[in-house]
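[1] Got a sequence here, can you build the structure:
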Amino acid sequence: MSSAFKEMPFQRVAFIGLGLIGGSMAKRVRQALPQTEIAAIDTQSVLDSALAMGVIHQPFETISQMLAFEPDLIILGTHLHPSYALLQELATHAQQPLDVMDLGSVKAKICQMAESLPETIDFIGGHPLAGREISGFEQSREDLFLGKRFLLTPCLTTSEPFQAAVMSWLEMIQMVPMVMEPVAHDQLMALVSHFPQFYAIALANLINEHQPETTLRFLGGGIDDQMRLMASPENVWEDIFDDNQTHLLDILDQFSKILETMKQSVKTGQLRQHFETSHQVHALYKSYKMTVSP
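    Numbering: from 1, shown residues only. Here you go, the predicted model:
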């Protein structure tokens with residue numbers, strides 16, 4: 001066994017869920033740390049594909065079977081609501097301490113749950129800042145998270161050694177870990193992630209009111225990213241909108257006020273201030289993109 005292998009924080013990693021996010025994470029681990037032994041729970045067809053591609057070594061049908069594998073790290077790659085039930089199930093079956101991380105985009109709720117569990121569960125929230133509008137293992141990519149930021153949200157019960165190990169491991173798989181408090185995470189994601197998705201859905205419904213079979217033939221490039229988001233899966237985003245409802249509604253209230261102000265500015269022909277603000281934000285964005293690696 002090589003010294004590099006001995007220094008790895010997690011030599012056995014188990015994924016529960018190999019969809020777009022879980023599958024891409026597993027592929028990233030396989031590429032960056034090929035000596036890691038990877039196990040997974042998912043549907044038989046997904047497990048067969050993952051085995052055939054060499055992404056995983058061990059397929060399992062149940063939590064009990066997976067725990068017998070004695071994973072050093074368990075990663076919840078399911079949608080938000082199923083991940084809560086899985087965390088409870090892990091706590092029920094745990095006969096020894098388990099290190100667990102999720103990959104969801106809402107954090108306060110699952111941290112509250114983790115803090116109420118027995119000490120056998122050492123949990124930390126995880127959120128890779130990358131994704132696609134399509135789901136499923138067949139859409140996962142080994143480079144989806146390469147060089148991307150990975151937000152870590154320690155809970156009150158997360159141990160410092162586990163947090164440090166996860167940060168080191170993420171760097172080993174060529175991601176950029178950043179630590180954030182769970183509520184602050186949810187507030188930020190409501191603005192930069194959840195609202196843009198909500199806006200895309202609203203825009204699609206607006207277009208649908210204007211003969212979309214004709215209107216869509218005349219779209220310019222400026223709407224392409226919204227069109228991409230319009231294809232996002234409902235079952236993923238319903239959970240997100242539900243669990244981060246308070247912060248999303250706050251952003252929507254703020255947006256409504258800005259819309260009303262700009263509406264009045266259109267009537268008076270005084271949009272200059274809004275354009276100036278827009279240009280300032282864009283300049284900050286360009287500066288940030290030039291000085292910070294993706």
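[2] helix or strand for residue 86, which one?
    helix 80-93 (DSSP states H and E).
[3] Residues contacting that helix, please?
    16-17, 63-64, 67, 74, 76, 78, 98, 100, 102, 104-106, 109-110, 113-114, 117-118, 120-121, 123, 239-240, 242-243 (Cβ atoms under 8 Å, 6 or more residues apart in numbering). Just so you know, the C-beta spots here come from the backbone N, C-alpha and C atoms, and that holds for glycine as well.
[4] Name the next helix or strand downstream of it, please.
    strand 98-102.
[5] and that following strand, which strands flank it?
    With DSSP bridges as the test, strand 98-102 is paired with strand 73-76 (parallel), strand 121-128 (parallel).
[6] Name the next helix or strand downstream of the longest one, please.
    Going back to what we said before, that points to strand 121-128. strand 149-154.
[7] quick one, the helix or strand following that next one and strand 121-128 angle?
    Toward the C-terminal end, the helix or strand that comes next after strand 149-154 (DSSP H and E) is helix 160-172. Counting by axes from the mean of the first three to the mean of the last three Cα atoms, to 10 degrees, helix 160-172 points 30 degrees away from the direction of strand 121-128.
[8] mean confidence score for helix 160-172?
    Mean pLDDT, computed over helix 160-172, is 97.
[9] What are the buried residues along the helix or strand just after it?
    Beyond helix 160-172 in the direction of the C-terminus, DSSP H and E gives the next helix or strand as strand 176-179. By neighbour count on 16 or more other Cβ atoms under 10 Å, the buried set for strand 176-179 is 176-177.
[10] gap between strand 176-179 and the chain center?
    With Cα atoms, centre = their mean, to the nearest Å as the basis, strand 176-179 stands 13 Å off its chain's centre.
[11] What is it packed up against?
    Applying 3 or more Cβ pairs under 8 Å, 6 or more residues apart in numbering; DSSP states H and E, one finds that strand 176-179 makes contact with strand 149-154, helix 160-172.
[12] Go through the ones you listed and pick out the most buried.
    strand 149-154 (a mean of 21; mean count of other Cβ atoms under 10 Å).
[13] What strands line up against that strand, and which way round?
    By DSSP bridges, strand 149-154 pairs with strand 121-128 (antiparallel), strand 176-179 (parallel).
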